[in-house]
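[1] Starting from these lines, generate the structure:
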Amino acid sequence: MVKPRPSGFTLVEVLVAMAVVALALPALLITLSQHIDGTAYLRDKSLAQMVAANQLAEMRLVSASERQLFRGEDSGEATMAEREFYWWMRSTVTEVEDFYRIEISVALDEGDEEEPLYELVAFLSTNIEEDPIAQPEADAGGEGGDAIDDESVREEAVENSVEAEDDDG
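    Below is the predicted model:
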């Protein structure tokens, strides 16, 4: 008669299983840690891009109000999403007349100017004109009568749309 074999795992099988888990678990934890670090880096880089875009917009607004383009270098701090960022702005002349290259670098630490988290480059003209929408047009009518009356254009458009509806119906 054959003896029934006892069920369960042998000591060797248990040790091999534990060795496999011991090798796989640290690799899984390292991969998870790298993923978390990558996500934090992308968050910081996205926020740094927003800081650079804000500095460019602010510089454009100040230049428009002062009617003079920013020249030289500037730096400062900005807070975005409850994090402190440091930025540096440089304006340099280009080969094209009346155009300047604006470089904005953003980093998390004040000493990281040479290795910024994000860099934004823009080209701006020194010919800063007032907003053409805000300026009233110079004598639109004149002597030639070339001016178009907005009210008459609207009335004609309404008449045309009413005629088109009548043709369809």
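[2] Spatially nearest residue to Met80 (excluding sequence neighbours)?
    Using CB to CB, 6 or more residues apart in numbering and skipping residues adjacent in sequence, the residue nearest Met80 is Leu47, 4.7 Å away. Yep, even glycine has a C-beta here, placed from its N, CA and C like the rest.
[3] Wait, the one you found touches Glu82, no?
    No: with contacts defined as CB atoms under 8 Å, Leu47 does not count as touching Glu82, sitting 9.9 Å away.
[4] And the two? Which one has more around it.
    With neighbours defined as other CB atoms under 10 Å, Leu47 and Glu82 compare such that Leu47 has more, 21 against 6.
[5] In contact with the more buried one, which residues?
    Neighbouring residues of Leu47 by CB atoms under 8 Å, 6 or more residues apart in numbering: 80-81, 83, 85.
[6] Which two among those are spaced furthest apart?
    Pairwise distances across the contacts of Leu47 peak at 9.6 Å for Ala81 and Phe85 (criterion: CB to CB).
[7] Between these two, which has more neighbouring residues?
    Neighbour count, other CB under 10 Å: between Ala81 and Phe85, Phe85 has more, with 25 against 11.
[8] Now do the same for that one: helix, strand or coil?
    The local conformation at Phe85, judged by DSSP: H, G, I helix; E, B strand; the rest coil, is strand.
[9] Test my guess that it contacts Thr79.
    Yes: between Phe85 and Thr79 a contact is recorded at 7.4 Å, counting by CB under 8 Å.
[10] looking at this structure, which helix or strand does the model trust least?
    One helix or strand of the chain scores below all others by mean pLDDT, DSSP states H and E: helix 150-168, with a mean of 51.
[11] which secondary structure element contains Glu58?
    Element membership of Glu58 [criterion: DSSP states H and E] is helix 11-66.
[12] any idea how far that helix is from the chain center?
    Centroid separation between helix 11-66 and its chain, computed with CA atoms, centre = their mean, to the nearest Å, is 18 Å.
[13] buried residues in stretch 45-52?
    Going by neighbour count (16 or more other CB atoms under 10 Å), the buried part of stretch 45-52 is 47-49, 51-52.
[14] no, scratch that, I was asking about stretch 56-76
    Counting neighbours by 16+ other CB under 10 Å, one finds that the buried residues in stretch 56-76 are 56, 59-60, 63, 69-70.
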